[in-house]
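Visitor: Model the structure of this input:
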Amino acid sequence: MALKLEIVTPDRIVLSAEADYVSLPGTEGEFGVLPGHVPLFAALKTGCMHYQHEGQTVYASLREGFAEVADGTVQLLVDSAELAGEIDVGRAEAALKRAQERLSSPQRDAVNVARAEAALQRASVRLQAAKLK
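Guide: Numbers count the residues shown, from 1 in each chain. Sure, this is the predicted structure:
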């Protein structure tokens, strides 16, 4: 018995697939979901997730959102998501470099630092997912 996994962003349905196991980056720590899991609603942080189905593992990067587990379905409602195979590594590396430069700039204020840290985290997660594929 497999789970139904859906990753939904405001723009599109990123994924609709079956999964034997799902690992997610919760705000309270990473957690896994197997078939038969009790109903659950959890906040997700920006991070790398993966799922397994029939011996294959698929990775994706997620931006914060929520996970709902109910009735054999895992639905992720997130700000953005990319499957590892969709990630443009060059673009992610450029974003990482820009964020690092902004953080090392002497003209920093709290808003710019927060934005640069968030961009650094997103780029790092995208690169991590791309390398795991």
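Visitor: Now do the contacts for the spatially most central residue of the chain.
Guide: The centroid of the chain falls nearest to residue 62 when counting by C-alpha atoms, centre = their mean (1.8 Å). With contact taken as C-beta atoms under 8 Å, 6 or more residues apart in numbering, residue 62 is in contact with 7, 24-25, 44, 46-49, 76, 78, 80-81, 125. For every residue, glycine as well, the C-beta is placed using N, CA and C.
Visitor: buried ones in stretch 11-31?
Guide: Under the neighbour-count criterion of 16 or more other C-beta atoms under 10 Å, stretch 11-31 has 14, 15, 19, 20, 21, 22, 23, 24, 25, 31 buried.
Visitor: number of nearby residues for residue 76?
Guide: 24 (other C-beta atoms under 10 Å).
Visitor: Which residue, neighbours along the chain excluded, lies closest to it?
Guide: Among residues not flanking residue 76 along the chain, residue 7 sits closest, at 4.6 Å (C-beta to C-beta, 6 or more residues apart in numbering).
Visitor: What distance do you get for the one you found to residue 109?
Guide: 35 Å (C-beta to C-beta, to the nearest Å).
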